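K.L.:
Okay, predicted coordinates and the sequence, questions at the end:
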Amino acid sequence: MSEVLLKIENLKKSFGKLEVLKGLTTDICKGEVVVMIGPSGGGKSTFLRCMNLLEQPTKGSIVFDGIDIVAADEKTKNRVRSEMGMVFQHFNLFPHLTILDNITLAPRLVRGVARAEAEKEALELLARVGLADKAKAYPQQLSGGQKQRVAIVRSLAMHPQVMLFDEPTSALDPEMVGEVLDVMKDLAKNGMTMVVVTHEMRFARDVATRVLFLEGGYISAQGTPQEIFEQKHDGRLGEFLGKVAGVGFREKVRDELRDILADDTVTAEEVERIRKLLKEGRQ
Amino acid sequence: MKKFLAALSGLVLATCVAQAAETLTMATEATFPPYEFLRGPEIVGIDVELSRAVAQKLGKEFRAENMDFDSVIPAVISGKADLAASGITVTEDRKKNVDFSEPYVKTGIVVIYKKSNPFTGKDQLKGKKIGVQGGTTSDAYVKEELKQEPERFKTPPEACAAMLAGRCAFVIADVDPARNCVKGEAALAISDFLSSEEYAIAIAKGQPELLAAVNETIAEAKADGRLARWIVDYTAESDRLKDGGSAVVEPTPESVGRSGLAAWLDEKWTALREDFYLCFLKKAADGSSRGMYLVNGLSITLQVALASIVFGLVLGFLVAVIRSSHDKYGYFTVLNALCKIYLTIIRGTPMVVQLLITYYIILRSVESKVLIAILAFGINSGAYQAEIMRAGIVSIDPGQMEAGRALGLSYWRTMIRIILPQAIRNVLPALGNEFIVLMKDTSIVGYIALIDLAKGGDIIRSQTYSVYLPYLTVAAVYLILVMTMTWLLGLLERYLRNTGANPVHNDS
């Protein structure tokens, strides 16, 4: 693949005695969309937060722009963070600032962009996600999906080299998930390097260039979406996909439905069959 | 932090240097006519003239410093003043701590009594409530000769007012202030000397040159008749000051004949009007009215209160950030320990004691009492504001700090631009409460002889014997100040609520 943006080697992170990351090694290349999946407590979020040093890794190295940022001084860390966007599960917009100020604060303070210029760009970005009319509103006046789109724009305004997404749709009502995923798809299409922690398997399958399966503090499997989602897996990955993601199960249901809908009638026996299938899948 | 400390120490240093060594400072309590009393803002009297003559002899600038009598001798010992002249009687106890000049006046203590309760002999005093000015010879007399606790007041007129109000049976005081109290007060009279004593000037031990200069000055003033002239002049002036100074209004002939509510109201109304004129409008010798004590006092109160609120805010903010940063992220271990010590000491000791320690010990060489008060109150309030703000900072969702940091903002920038505006909005009611407490707490600055609103009212009371109007007016002014403050804080709260999210709701 092309140029390596983040070279992560043997990364470890402990909270007190609990070791959450037990030595992760991977390269994030320019233009990649890496989606991390795996069971809760597997270390996905911690790994993501280590990449922009919101968590200080205990051991290992992350090389970004030719320097090991794990060992860098505070000033360098601040600069590195300014070049990586991060989108949080709970949006973390600044409630005391307008949408426009939320977006322009960091460009003005960190990058030294003039207010007028920063606002002009902010408005363009807001228009891109369909929220140009919300510039003067405060975060509390927005829906969850709108807030998350603003949060993405806030990160984009810093012109990051890579965007990190920490379960960006987990706190949203189901009907708002789509609008956020659409913005993310759009970003990926335009060549943004992205690392995404998510439970949206459909997004992973459609948009990811690479899928990492994190479990027990290790990258226990990785590959293209085809390799992960369309092949049969044993062990924890197979179990996880079957349970949480419904991969394999999805195909079974699709085949069953196709069979049922082949003729024009749906019998009680057929309804019972599909109900049984769904019940099994949910377990 | 470093810059701030440097600025602070620079300020203190500059103030120290500003105090010229070529000034002779006299410590006195200017409520003791004719020896020392206030003519408008100026301290005048026999002791002042005598001390000024000493300064002239030494070729120094002269300055008189007004403070509580209890503080006069400590001021000399601590070096806050060069000499103390405040009608100070020579006693063996005092001699242990300071050197005394040759006496310049022989005087004594007498009993002031109500004519309705005549004083016939010392035996009568036993077991009665005796009013005195605290810390004076009269105080010692009651304790040592009568073996009982006196009722201590700040000034003899206050003791007399208390006696007229039935709160004590007799007042014992030095003869001159006693004469002054009785003048124009038909209901009062004074006895013969209970004991006689001599007034002298007190200076710190180990200053033979100064002592010699004081003694020479006294001898010269006695010889050339200046001392006698001062006594005559200032007694006359303090008598004029006292004229019509009684709060007791004799019923007027017209009102005596009338009966019922109308007459009673009329009488009270007249009394009130006269009292008002006496307390606030009557011109002193220098042409200013007594009301100016309140106006100038209000200005001091506002200066001290507002400046220490701001100083406390800055200090509280720094301490709150250090404390919460340490608790959350483990930063600033040493500074955090210092902050904890600061909070413990400041919150564990009374404000008055802190003020006195600042004045007499820590900043003893600082000239400006307003500055001392601002520092003492600011440091005190900073401790309380720090804990309030810390609560505010802790209440903010950690995601806010993470979002700021993730955008590349430094820790301090995130703190100032993101966390604090939300934290302050959350704790504004508690912070406002602290401001109000601080504003009212400044009324104790009288302890370091700063004439604020409360002390101003107290001076008017000590000059007029009128208690209702001065104190009630002072209370009303404080009330208006607090209500104004509450209103402004309410406006600010509403303004902040209108811009932005509901403060309680941080999940944005």
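P.N.:
Structure's in. What do you need? Residues are numbered from 1 along each chain as shown, chains lettered A, B, ... in the order given.

K.L.:
What's the mean pLDDT across stretch A:188-196?
P.N.:
Mean per-residue pLDDT for stretch A:188-196: 94.

K.L.:
I meant stretch B:325-340, not that one.
P.N.:
Stretch B:325-340 comes out at a mean pLDDT of 88.

K.L.:
close to chain A, is it?
P.N.:
No - under the criterion of C-beta under 8 Å from any C-beta of the partner chain, chain A is not reached by stretch B:325-340; the shortest gap measures 10.3 Å. (Each C-beta comes from the backbone N, C-alpha and C, glycine too.)

K.L.:
Between its first and last residues, how far does that stretch reach?
P.N.:
13 Å (C-alpha to C-alpha, to the nearest Å).

K.L.:
can you check stretch B:449-468 too?
P.N.:
Start and end residues of stretch B:449-468 are separated by 23 Å (C-alpha to C-alpha).

K.L.:
Average pLDDT for it, rounded please.
P.N.:
Averaged over stretch B:449-468, pLDDT sits at 84.

K.L.:
Stretch B:47-65: which residues count as buried?
P.N.:
Under the neighbour-count criterion of 16 or more other C-beta atoms under 10 Å in any protein chain shown, stretch B:47-65 has B:47-55, B:58, B:60, B:62-65 buried.

K.L.:
I'd guessed residue A:121 sits against residue A:107; true?
P.N.:
Yes - counting by C-beta atoms under 8 Å, residue A:121 does reach residue A:107; the two are 7.5 Å apart.

K.L.:
Quick one: name whatever helix or strand follows the helix or strand where residue A:177 lies.
P.N.:
Residue A:177 belongs to helix A:174-189 when assigned by DSSP states H and E. Using DSSP H and E, the helix or strand that directly follows helix A:174-189 along the chain is strand A:193-197.

K.L.:
Give me the angle between the helix holding residue A:177 and strand A:193-197.
P.N.:
150 degrees (axes from the mean of the first three to the mean of the last three C-alpha atoms, to 10 degrees).

K.L.:
how deep is residue A:80 tucked in, by neighbour count?
P.N.:
When neighbours are counted by other C-beta atoms under 10 Å in any protein chain shown, residue A:80 registers 20.

K.L.:
Can you get me a residue count around residue 169?
P.N.:
In the absence of a named chain, chain A is used. Counted with other C-beta under 10 Å, residues neighbouring residue A:169 total 24.

K.L.:
You answered for a different chain; I wanted chain B.
P.N.:
By other C-beta under 10 Å, neighbour count at residue B:169 equals 19.

K.L.:
Distance of it relative to residue B:119?
P.N.:
Using C-beta to C-beta, to the nearest Å, we find residue B:169 at a distance of 9 Å from residue B:119.

K.L.:
ok, back up a step: name the residues contacting each of residue A:121 and residue A:107.
P.N.:
A:113, A:157 (C-beta atoms under 8 Å, 6 or more residues apart in numbering or on different chains).

K.L.:
quick one: which of the two has more around it?
P.N.:
Per other C-beta under 10 Å, whichever of residue A:121 and residue A:107 has more neighbours is residue A:107, with 24 against 18.

K.L.:
Just list the residues touching the more buried one, thanks.
P.N.:
Per C-beta under 8 Å, 6+ apart, neighbours of residue A:107: A:113, A:118, A:121-122, A:157-158.

K.L.:
which of the residues you listed lies closest to chain B?
P.N.:
Checking these against chain B with C-beta to the nearest C-beta, the nearest one is residue A:158 at 6.2 Å.

K.L.:
The closest one contacts residue A:82, doesn't it?
P.N.:
Yes - counting by C-beta under 8 Å, residue A:158 does reach residue A:82; the two are 5.8 Å apart.

K.L.:
list residues touching both of these two?
P.N.:
With contacts taken as C-beta under 8 Å, 6+ apart, residue A:158 and residue A:82 have A:106, A:110-111, B:407-408 as neighbours in common.

K.L.:
Among those residues, which are located in helices?
P.N.:
A:106, A:110 (DSSP state H).
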